[in-house]
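Colleague: attaching a predicted model along with its sequence, questions to come.
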Amino acid sequence: MWLRRAFYRWMFPAAVVLPLWLLIGWGITGAGGWAFLWVLFIAIPSVFVGQLVLTLLQRARPSARETRMASWWDVLGFGVWHVLTIAVGFFPQAWFPLLLTAAIAVALALFWLMLWQLWGEARTAGTGIRFLATTPPDAEPESSRRSAADADVFIIREKPDAGI
């Protein structure tokens, strides 16, 4: 339980820490000028926006809001994506293309996982929503409350009443 709660709390700080790590990792490894441009204009914005979108999708689920915990699927998906993002930040010469491709694939899979979980919870909650939209079973229909004479009478006022 503590791990799921920790992942739930880590999601918003991760939107700042992970992109910052990519910049720090570039500085530590001295990956070069082209890598700096890639980090600055592609990696940092995409990791920041991606993390925010995925976090908001996670927090949109009623179960996550109610329990203030991530699901085990969230822990697995975010854990793998964060480890891959950290590994990309080391800029390993031989493994960089593979790590970057894996990080992108996991981020896309995580996006669909978040939508799948949100849709699953919304579908089960749909019965409650439909029940609220319908009339209660013990209420009598509106047509039986009206008399037959009321159905043919319409009152149209052109001007508001002037105190009459």
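Modeller: Sure, I can see it. Residues are numbered from 1 along each chain as shown.

Colleague: helix or strand for Trp81, which one?
Modeller: Element membership of Trp81, judged by DSSP states H and E, is helix 72-88.

Colleague: average pLDDT across that helix?
Modeller: Per-region confidence: helix 72-88 scores 97 on mean pLDDT.

Colleague: just the buried positions in it, please.
Modeller: With burial defined by 16 or more other Cβ atoms under 10 Å, the residues of helix 72-88 counted as buried are 74-75, 77-78, 80-82, 84-88. Using the backbone N, CA and C atoms, a C-beta is placed for each residue, glycine as well.

Colleague: same thing with stretch 108-115?
Modeller: Counting neighbours by 16+ other Cβ under 10 Å, stretch 108-115 gives 110, 113-114 as buried.

Colleague: contacts for that stretch, please.
Modeller: 50, 53-54, 57-58, 73-74, 77-78, 81 (Cβ atoms under 8 Å, 6 or more residues apart in numbering).

Colleague: could you do stretch 48-67 as well?
Modeller: 8, 11-12, 14-16, 18-19, 70-71, 74, 78, 107, 110-111, 114-115, 117-118, 121, 125.

Colleague: count of residues packed around Phe12?
Modeller: By other Cβ atoms under 10 Å, 14 other residues sit near Phe12.

Colleague: packing partners for the helix or strand hosting it?
Modeller: Following DSSP H and E, one finds Phe12 within helix 2-29. Applying 3 or more Cβ pairs under 8 Å, 6 or more residues apart in numbering; DSSP states H and E, we find helix 2-29 packed against helix 44-59, helix 72-88.

Colleague: and the angle from that helix to helix 44-59?
Modeller: 180 degrees (axes from the mean of the first three to the mean of the last three Cα atoms, to 10 degrees).

Colleague: buried sites along helix 2-29?
Modeller: 4, 7-8, 11, 14-15, 17-19, 21-22, 25-26.
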